[in-house]
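Q: With the input below, show me the fold.
(chains A and B)
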Amino acid sequence: MNRLSPLVIITAFAVLGLTASAMPDDEPVDAKIPNDDPAVAKIPVISPPAVAAATVSQQIDALFEQRWRQDGFHPMPLSDDAAFMRRLSLDLTGIIPEANEARDFLSETDPEKRVRLIDHLLSDPRHAAHLANVWRDVLLPRTVPDPVSLTFERWLKERFQAGVPYDQFVRDILLARGSLEQAPQGLFFTAVEAKPSELASNSSRAFLGMQIRCAECHDHPFDTWKQDDFWGLAAFFARVQAPADVFRPGAIADVMIGEVQNPTTKQTIAPIFPGGGAVELQTSEPRRAILARWMTSDENPWFARAAVNRVWWIMFGRGLVHPVDNMGPHNPPTHPEVLELLTADFIANNHDVKRLVRIIAGSRVYQLASATDGNDDAFSNYTAMIVRSLSSKQIYDCMIRATGRRDPLDSTAVAFANQRREFLAQIDVPIREAAEFQGGIPQTLSMLNGPLVAELTNPISSDLVAALADSPFLTHEQRIDAIFLSAITRYPTPVEREQISQWMDSQGNDADVARFLSDLLWALVNSSDFSLCR
Amino acid sequence: MCRSAIRSVLLFAGLAGSLLPAAIRADDAPESAPLIDLVISRAEASIRIRLTAAANQLPWREHVDRAQSKLSEVLFRQLDGDGNGELSPDEGKNIPNPQTLTIGQQNSDVYVAFNFRVLDENSDGMATADELHHYLAYFAGSPVMVNRVKEQQRPSVGNLFDRLDADGNEKLTRDECRNQTELWKLDADGNGVLTGIEIQPSVPTSGEQEFVAKPIGEKQIPVSLVFEQPGETGPDFICELTLADESGNDEISPNGETGIVTREGFKLTSVSESKPFDVKAAERNPHTLLITIDSHVFEIRMAPSSFRYDVQLQQAVRRQFDSAADPETKSVSRPADLPQPLKNLFPVADRDRDGTVTPDEISLCLDSYLAAHLAAEATRLRISVFPESRDVSAVADRNLDGKISRRETEELVDHLFGPDDVRESIGPGELAGITRIVVQRGPFLTVDAGQMISDLGPSWFYRADRNRDGDLDRGEFLGNAAQFAQIDVDGNGWIDLDEAVAADGQLNVTPANAAEANGNPATDARPSEGSP
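A: Residues are numbered from 1 along each chain as shown, chains lettered A, B, ... in the order given. This is a model prediction of the structure:
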């Protein structure tokens, strides 16, 4: 069976200059991973001590520069500090920086300040919370309501914060047992009623980057997946018992019986690894345990690549293989040498997600300025940072921060939560691609005239405006600076200053300062500088 | 129904009865009488602390009466549209509910119609200035209210002891208190405040209780606290509150220190030679008093509640008025559509009863009635007693918000062990009991005493306090590093309420001064308070 094209690994060896060696075999693999297929390239395993993250960042840049030279591309210059800080803060913590964080960072002259900012944000608890939020969307259907998924998201966050290796993290999910109180990650099962077909589709998409759902009903039209392959994977989950829905009590457990059938042939399908043959099953071991071991093995050609590709997607808005959940020979990576380099490093460093993020954020390619003309080639070749739209949750969170809204009191917490839910319902889009702006009339009107934006920018109800207007230690110009830094993480340009000054003059001498600041804040949160990550 | 009965019905049914517990009303006390007695009992013994107060060297009762007189005089002028010296039922209909400007109640015709029968004491169909004064004085109630905050009214901080007790040996060392790296990893939203939800373990163990304060040690004997009207029993201590008039009303203030902010403070004087048990009193700062009875601490603190609230409310009403005004006439009509508090002020402001409030009318209303109203409200005192606690969370949660801030955790060691404490560790049974008593002046922005300590000080301070922990850190502060350092006088990395009030007093004198302080021309400074 020849399912996958060879992926380039030579470059990874060459760039790293490291010797491959076998991982200690402390966990025997009962089920044989099908490695006789020459199309399935193994990832080289590199023994520690690992190369410094900064060195790998430079190696990535070298690979990109080589490609740019070959293809005759000219990359954009490095982004300015303000754009870099806003971008990094959004990518690592999901939210824009505070005004004073921006002020301090922009005033720093230390050439290493970007590196220090990366380290600072990686250690921020909000980084783990942001990753948890992202992975929650990856792992759970959108239909799972937020209150139900809170403990799951918290479980994710604690794993990211503790630096649990990614392979362990995935195993913990796939092998969840007990009630949701005991094992919140079990929501991965109960959210889809533990249906084997859903679990097969979701686990292959989330952890292997494979989109094999098409094969549930028929052979895949573009890829080589057959219907039996899909149901062979589903068979690993056929003996998992879970509550029928997330609101019912009960525990996730392994049972002794349960099979799946190919709905077309009506034949019972035995467990089959994707891309591999039948599995030697041992009666004493749950099927999903065998799958989890195979799936997270260093020798699995997809697992680490999919993880790297997803982290790349978080940082750039598109994967090296794009779409991110559709890896395979029909959809090769744009920069296979980069993917392999990062994958090798990821495996060699114990599936350390934080290190991976640090490497990418520290690279020059991540820090390039964005293109202003929306040139798709520039994005796919990474000669300019991709301009991305914020998610609806990010817009909400950033608006709360930009307008300085204080945390709710206990008496107002429910009202705030309802307001958030209503706002998200207004501006959310069904399927979101970060690199595509999908806002339409409802989204635009909600930002222009919606009650939330009105309240957050109103001269009386806006905490930022009220505080600024009342601050006796600030000049008017400093107030304007504070509004800009709060909303769009930069100072106004000279042209903007001039325009604002003219506007202020046109209001007359008795202009209400709070109303003026309110108008300015409203204009900024409705600007593309606010709603886009450049 | 007789008039007194009507008054009773109104008192209990409508006018914030919960704020005015009848048991402690002191209406009939002589003007010079002390405010209230705190009686602290332990076992069979007790001590009595008598609370007295003065504002700008005036006895508090006299201060209250002056403010009430001023209010009734100004309101009468506002309502007496035809200037005949009496209020007709139609004019009286516009008497506002005294509470409406601060706690959001709304006027209704039913309320006002009923009111006039109470107002018109001699039932001659017209109300005089004296009758209005009596009416307002009665419904203003006692200037002192006691409010006991219930445990369930407050959010649970969670079990901080276990989170800090790294080795799990049921002893908290100084090092464990100081080493908070792991603790702050729990701050999921990164707002610098830990809530009970963040502190609690993520995966509860079935059958085990959570959030349980560590048990009271065997040596602890319960201490109780009750409030009594001052009577014949003499006090053991006299606690004098020195209060400042922040109303800016120079007709009330005898020394002309209008608008000058002076922080209130306590002075505790022993007046009895023999005490039933060992009592130690200490001032933590000028407005916080610690009374230790054996190992139980009573902390009495004064919290300013209405700092420049008059100015802020005036600004808010003016903005509401400007927004609602007709572009051509610059006047406002259709009061039913107006936002609060403008809606409640409308009947008072509409002196000529033509259904429209002009800019002159609103200005007059704000400058006279609103100012007098707030000055009268500022004479009200609320004493809130928070539940007794004996756990680390209570020691840490010094601002009583049910959450733990970075500052509170950093200062925990000092508060947990004390300056003379030589112990290296402390167990849950060794924790002192704490009862916190907060004295606050009106106007009260919320009826919820559990949230009474938020929104204090100048609005540039509390409205920038995004996590509502009562301090501004560098990230929250809206100025630059140099300005922060200038205001953070003690250099501890937080601007607290006292520093904010002090800075505001220094910087907020005139626009020119503020500009000079910034090294900028006067035209670049903030506008004057009266004209935003």
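
Q: Looking at the residue in the stretch 151-300 of chain B positioned nearest to chain A now. What's its pLDDT?
A: Here the stretch 151-300 of chain B gets closest to chain A at one residue, B:Gly190, 4.0 Å apart by Cβ to the nearest Cβ. C-betas here are computed from N, CA, C, even on glycine. Per-residue pLDDT puts B:Gly190 at 82.

Q: what about it, neighbour count?
A: Using other Cβ atoms under 10 Å in any protein chain shown, B:Gly190 has 17 neighbouring residues.

Q: for it, helix, strand, or coil?
A: Recorded secondary structure, B:Gly190: coil (DSSP: H, G, I helix; E, B strand; the rest coil).

Q: On the pLDDT front, check the nearest residue to A:Leu131 once chain neighbours are set aside for me.
A: Residue nearest to A:Leu131 in three dimensions, not counting chain neighbours: A:Phe160, with 4.5 Å by Cβ to Cβ, 6 or more residues apart in numbering or on different chains. The model reports A:Phe160 with a pLDDT of 92.

Q: A:Phe160: what's it in contact with?
A: Contact analysis of A:Phe160 by Cβ atoms under 8 Å, 6 or more residues apart in numbering or on different chains lists A:His127, A:Ala128, A:Leu131, A:Ala132, A:Trp135, A:Phe169, A:Val353, A:Lys354.

Q: A:Leu90 is in contact with the first one, correct?
A: No. Counting by Cβ atoms under 8 Å, A:His127 stays clear of A:Leu90, with 11.6 Å between them.

Q: Quick check: neighbours shared by these two?
A: With the criterion set as Cβ under 8 Å, 6+ apart, the contacts of A:His127 and A:Leu90 do not overlap.

Q: can you tell me the residue of the stretch 51-200 of chain A closest to chain B?
A: Closest point on the stretch 51-200 of chain A to chain B, by Cβ to the nearest Cβ, is A:Arg126, at 4.0 Å.

Q: Give me the residue ranges of chain A where confidence is low.
A: Residue ranges of chain A with pLDDT under 70: A:1-50, A:213-225, A:246, A:276-278, A:283, A:372-376, A:429-439, A:508-511.

Q: So for it, which residue is the most central one in space?
A: By Cα atoms, centre = their mean, chain A has its centre lying nearest to A:Ile314, at 3.6 Å.

Q: re the thing from before, name the element the residue nearest to A:Leu131 belongs to?
A: Using DSSP states H and E, A:Phe160 falls within helix A:146-162.

Q: repeat for B:Arg301
A: Assigned by DSSP H and E, B:Arg301 falls in strand B:296-303.

Q: Sort out which residues of that strand are buried, please.
A: By 16 or more other Cβ atoms under 10 Å in any protein chain shown, the buried positions in strand B:296-303 come out as B:His296, B:Val297, B:Phe298, B:Glu299, B:Ile300, B:Arg301, B:Met302, B:Ala303.

Q: contacting residues for residue 228?
A: Reading this off chain A. Contacts of A:Asp228 by Cβ under 8 Å, 6+ apart are A:Asn262, A:Ile269, A:Ile272.

Q: my bad, chain B
A: B:Glu228 sits in contact with B:Ile36, B:Asp37, B:Val39, B:Arg48, where contact means Cβ under 8 Å, 6+ apart.

Q: What of B:Thr52?
A: Neighbouring residues of B:Thr52 by Cβ under 8 Å, 6+ apart: B:Pro34, B:Leu35, B:Trp60, B:Ile238, B:Cys239, B:Glu240, B:Leu241.

Q: Verify the assumption that it is located in a strand.
A: Yes. According to three-state DSSP, B:Thr52 belongs to a strand.

Q: Tell me the bridge partners for it.
A: B:Glu240 (DSSP bridges).

Q: Can you pull the residues of the stretch 1-150 of chain A lying near chain B?
A: Neighbours of chain B within the stretch 1-150 of chain A, by Cβ under 8 Å from any Cβ of the partner chain: A:Thr93, A:Glu98, A:Ala99, A:Asn100, A:Glu101, A:Arg103, A:Asp104, A:Asp124, A:Pro125, A:Arg126, A:Ala128, A:Ala129.

Q: And those, which two are furthest apart?
A: Spanning the widest gap among those are A:Arg103 and A:Ala128, at 25.8 Å by Cβ to Cβ.

Q: So what's the residue count around A:Phe207?
A: Residues contacting A:Phe207 under the criterion other Cβ under 10 Å number 25.

Q: ignore the last one, B:Arg178
A: 12.

Q: Touching, it and B:Val413? I think so.
A: Yes. Contact criterion Cβ under 8 Å: B:Arg178 and B:Val413 qualify, at 5.9 Å.

Q: Nearest residue to the closest residue to chain A within the stretch 251-400 of chain B in space, ignoring adjacent ones along the chain?
A: Evaluated by Cβ to the nearest Cβ, the stretch 251-400 of chain B has B:Ala316 as its residue closest to chain A, separated by 5.3 Å. Setting aside the residues directly before and after it, B:Ala316 is nearest to A:Ile460 in space (Cβ to Cβ, 6+ apart), at 5.3 Å.

Q: what residues are up against the one you found?
A: Counted by Cβ under 8 Å, 6+ apart, A:Ile460 has contacts A:Ala466, A:Ala514, B:Ala316, B:Arg319, B:Gln320.

Q: Would you verify that the last one is located in a helix?
A: Right, the one you point to is B:Gln320. Yes. Counting by three-state DSSP, B:Gln320 is part of a helix.

Q: hang on, it packs against B:Pro335?
A: No. B:Gln320 lies out of contact with B:Pro335 (Cβ under 8 Å); the separation is 11.6 Å.

Q: Now B:Glu198: closest residue in space, sequence neighbours ignored.
A: That would be B:Leu186: by Cβ to Cβ, 6+ apart, it lies 4.8 Å from B:Glu198.

Q: for the one you found, what are its contacts?
A: A:Pro125, B:Arg163, B:Leu194, B:Glu198, B:Ile199.

Q: Dihedrals phi and psi, the residue nearest to the third one when sequence neighbours are not counted?
A: To tie it back to what came earlier, the one meant is B:Leu194. Counting by Cβ to Cβ, 6+ apart, B:Ile404 is the residue found nearest to B:Leu194 once chain neighbours are left out, at 4.4 Å. B:Ile404 has phi and psi values of phi -120, psi 120 when expressed as degrees, to the nearest 10.
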